[in-house]
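K.L.:
task: produce atomic coordinates for the following.
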Amino acid sequence: MLQAKQGDTVRVHYTGRLEDGTIFDTSIHREPLEFTIGADEVIPGFEQAVIGMNPGEVKTVVIPAEDAYGPHRQDMVLTVRRDQFPVGIQPEIGQQFQVGLEGGGTILVMVTEVSEDTVTLDANHPLAGKDLTFDIELVEIV
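P.N.:
Numbers count the residues shown, from 1 in each chain. Here you go, the predicted model:
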């Protein structure tokens, strides 16, 4: 039987859960996720989990943080004064903003703390520092 290997384009259904069982994403009620193994289109641990699977096969894998979205980096957390926000913007915990970078480009940040004088912004991926569990079904090798 054909097994998924480096360079193959595959279609998978998946459900991703945190250690406490909370589902953070699933493809069950949508089209399967399609990606090419080795093209860095998904996190490394997910890609590695699909290698060697046969169409129709289902498995559950735990992907450590370093093979998922990496460790949570404190150097990507910044506290700024509230007066640095544009007039009319009332930051709230969980809100996301795109922030311009000095050399050009933007980065997505999430508000994690708000006080009377300051706002804490986190540029880490929301799943950084977390081990992730995925149920994966290889639907087909395209």
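K.L.:
Gln98 touches Met110, doesn't it?
P.N.:
No: taking contacts as CB atoms under 8 Å, Gln98 lies outside contact range of Met110: 11.2 Å. Quick note: C-beta positions are derived from backbone N, CA and C, even for glycine.
K.L.:
those two: which has the busier surroundings?
P.N.:
Legend: neighbour count by other CB atoms under 10 Å for Gln98 and Met110, higher for Met110 (17 against 9).
K.L.:
any idea what that one is bridged to?
P.N.:
Gln96, Asp122 (DSSP bridges).
K.L.:
distance of it relative to Phe97?
P.N.:
Look at Met110 and Phe97: by CB to CB, to the nearest Å, they are 8 Å apart.
K.L.:
residue contacts, Glu34?
P.N.:
9-11, 142 (CB atoms under 8 Å, 6 or more residues apart in numbering).
K.L.:
which strand residues bridge it?
P.N.:
Applying DSSP bridges to Glu34 gives these bridge partners: Arg11.
K.L.:
tell me what the lowest-mean-pLDDT helix or strand in the chain is packed against?
P.N.:
Using mean pLDDT, DSSP states H and E, strand 96-100 stands out as the lowest-scoring helix or strand of the chain, at a mean of 88. When contacts are defined as 3 or more CB pairs under 8 Å, 6 or more residues apart in numbering; DSSP states H and E, strand 96-100 packs onto strand 106-114.
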